[in-house]
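Trainee: Here is a sequence together with a model predicted from it:
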Amino acid sequence: MEYYENVIELIGRTPIVKLGTLGADLSVPVLAKVEYFNPGGSVKDRICLRMVEEAERAGRIGPGGTIVEPTSGNTGVGLAIVAQRRGYRCIFVCPDKVSEDKRNVLKAYGAEVVVCPTAVPPEHPDSYYSVSDRLVKEIPGAWKPDQYSNPANPRSHYETTGPELWEQTGGGITHFVAGIGTGGTISGTGRYLKEVSGGQVRVIGVDPEGSVYSGGSGRPYLVEGVGEDFWPETYDRNICDEIVAISDHDSFHFTRRLAREEGLLVGGSCGMAVAGALQVAERAGPDDVVVVLLPDSGRGYMSKIFDDSWMMSYGFLSPEEGTTVGDVIR
Ligand code: PMP
């Protein structure tokens, strides 16, 4: 018999897959590390496991403990899975703009969800930041992982994602491309790859146009999970050799092409990262190997990126480009 003791053991060791048609005109391979193979469906499972393990070691959480985090997405799922195994209670605080579908996913894993008004400033007592801070103070044994300042976030990538990529490419990787949200992925993976290669691997961050990492002020963009309007502690400002800014339009078009042409149903930050990786690959040398990290699955974006009317309402798709509309008429 061969089996895993529980789903936690399935975190990490995700495969890399070569892009086919999307990379067809290129002289170098573009390899995608597909993080939706993690049990919670995203790269965030990695950091959640490490953040909880390190908090346990440091005595910040123990039997009967409660995890409180302001999150509505992938980090919530990762924390819920790890918490469930360890018998911890989970409370996630999110703004009311977060879709019911996303909240229900967290509840399905047994987490509690507290919803706060979106239309209040962060310092307001009802904002989701204030509410999560208050809950941590009020609930005995509560702990807030805070993925934006927790060093276990980049460290998990230094210890897992980086070594996996070095091993999977047989030390052949020359360029690592990833989107930047908390900066944990690029900082931890990038640092490992630079150290192990003696500084030979180039690290390229991809950012939505308007976000601070590519020189913006935090102007709103629609791609989720990447870009910030502040500089998180988890981002190492010295790690990127280059930062490429990508528009929402291009992020979403590449996201849709990944599903249609590569069979990879992935999220919007994946399309963004691939758009950046293809630019990098176009200027790469003959012996280069470009690796791009795809953080999550496309299942959470069906009513947005994969919905023609949503795409058209933002001007990302013209009526002629739409598929479902035409399919019905024909
Ligand atoms: N894409 C998605 C969908 C994410 O949820 C995140 C995490 N915020 C990222 C990309 C960026 O990863 P990181 O926080 O490690 O920079």
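Mentor: Cool, got the structure. Residues are numbered from 1 along each chain as shown.
Trainee: burial count for the residue of the stretch 201-330 of the chain found nearest the ligand?
Mentor: The stretch 201-330 of the chain approaches the ligand most closely through G225 (2.5 Å), counting by C-beta to the nearest ligand atom. The C-beta positions use only the backbone N, C-alpha and C, and glycine is treated the same way. Counted with other C-beta atoms under 10 Å, the neighbours of G225 add up to 23.
Trainee: for A32, same thing?
Mentor: Around A32 there are 27 other residues, counting by other C-beta under 10 Å.
Trainee: what's the nearest residue to the residue of the stretch 201-330 of the chain closest to the ligand once chain neighbours are set aside sitting at in phi/psi?
Mentor: Distance criterion C-beta to C-beta, 6 or more residues apart in numbering; nearest residue to G225, sequence neighbours excluded, is S269 at 4.7 Å. With angles defined as degrees, to the nearest 10, S269 sits at phi -70, psi -20.
Trainee: so what's S269 scoring on pLDDT?
Mentor: We have a pLDDT of 97 for S269.
Trainee: Isn't it up against G181?
Mentor: Yes - S269 lies in contact with G181 (C-beta atoms under 8 Å); the separation is 7.5 Å.
Trainee: Would you map the helices across the chain?
Mentor: Along the chain, counting by DSSP state H, helices occupy 44-57, 74-86, 100-108, 128-138, 152-156, 162-168, 184-196, 248-262, 268-282, 308-313, 324-329.
Trainee: Distance to the ligand added to those, as CSV?
Mentor: Listed next are the helices of the chain as CSV, based on distance: least, C-beta to the nearest ligand atom, whole Å:
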stretch, distance to the ligand
helix 44-57, 6
helix 74-86, 4
helix 100-108, 12
helix 128-138, 16
helix 152-156, 7
helix 162-168, 13
helix 184-196, 3
helix 248-262, 11
helix 268-282, 3
helix 308-313, 17
helix 324-329, 24
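Trainee: in the stretch 51-200 of the chain, what residue is nearest the ligand?
Mentor: Nearest to the ligand, among the residues of the stretch 51-200 of the chain, is G181, at 2.8 Å (C-beta to the nearest ligand atom).
Trainee: Show me which helix or strand of the protein is least confident by mean pLDDT.
Mentor: Least confident helix or strand, the chain: helix 324-329 with a mean of 50, by mean pLDDT, DSSP states H and E.
Trainee: which ones are touching P117?
Mentor: With contact taken as C-beta atoms under 8 Å, 6 or more residues apart in numbering, P117 is in contact with 95-96, 126-127.
Trainee: for G78, same thing?
Mentor: 38, 40, 42, 44-49.
Trainee: returning to what we had before: is it possible to get a markdown table of the contacts of P117 that adds pLDDT and distance to T14?
Mentor: Below are the contacts of P117 laid out as a markdown table (pLDDT from 0 to 100; distance: C-beta to C-beta, whole Å):
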| residue | pLDDT | distance to T14 |
| --- | --- | --- |
| P95 | 84 | 30 |
| D96 | 84 | 33 |
| D126 | 93 | 39 |
| S127 | 89 | 35 |
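Trainee: List only buried entries from the residues you listed.
Mentor: 95, 127 (16 or more other C-beta atoms under 10 Å).
Trainee: Considering only the contacts of P117, which also neighbour the ligand?
Mentor: Counting by C-beta under 6 Å from any ligand atom, the subset of the contacts of P117 that neighbours the ligand is empty.
Trainee: is it possible to export the contacts of P117 to CSV including distance to E321?
Mentor: Output for these, formatted as CSV (distance: C-beta to C-beta, whole Å):
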residue, distance to E321
P95, 32
D96, 33
D126, 42
S127, 39
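Trainee: Just the contacts of P117: which are in strands?
Mentor: P95 (DSSP state E).
Trainee: Just give the number of residues close to the closest residue in space to D250 that isn't next to it in sequence.
Mentor: In this structure, D250 finds its nearest non-sequential neighbour in A275, 4.8 Å apart by C-beta to C-beta, 6+ apart. When neighbours are counted by other C-beta under 10 Å, A275 registers 24.
Trainee: what about A275, distance to Y129?
Mentor: To Y129, A275 is 31 Å away according to C-beta to C-beta, to the nearest Å.
Trainee: do the same with G210
Mentor: G210 is 22 Å from Y129, by C-beta to C-beta.
Trainee: With S27 instead?
Mentor: For S27, the distance to Y129 - C-beta to C-beta - is 48 Å.
Trainee: Which of those two has more residues huddled nearby?
Mentor: The neighbour count for S27 versus Y129, taken as other C-beta under 10 Å, is higher for Y129 (16 against 12).
Trainee: Would you check that the more buried one makes contact with P121?
Mentor: No - the criterion here is C-beta under 8 Å, and Y129 misses it with P121 at 9.6 Å.
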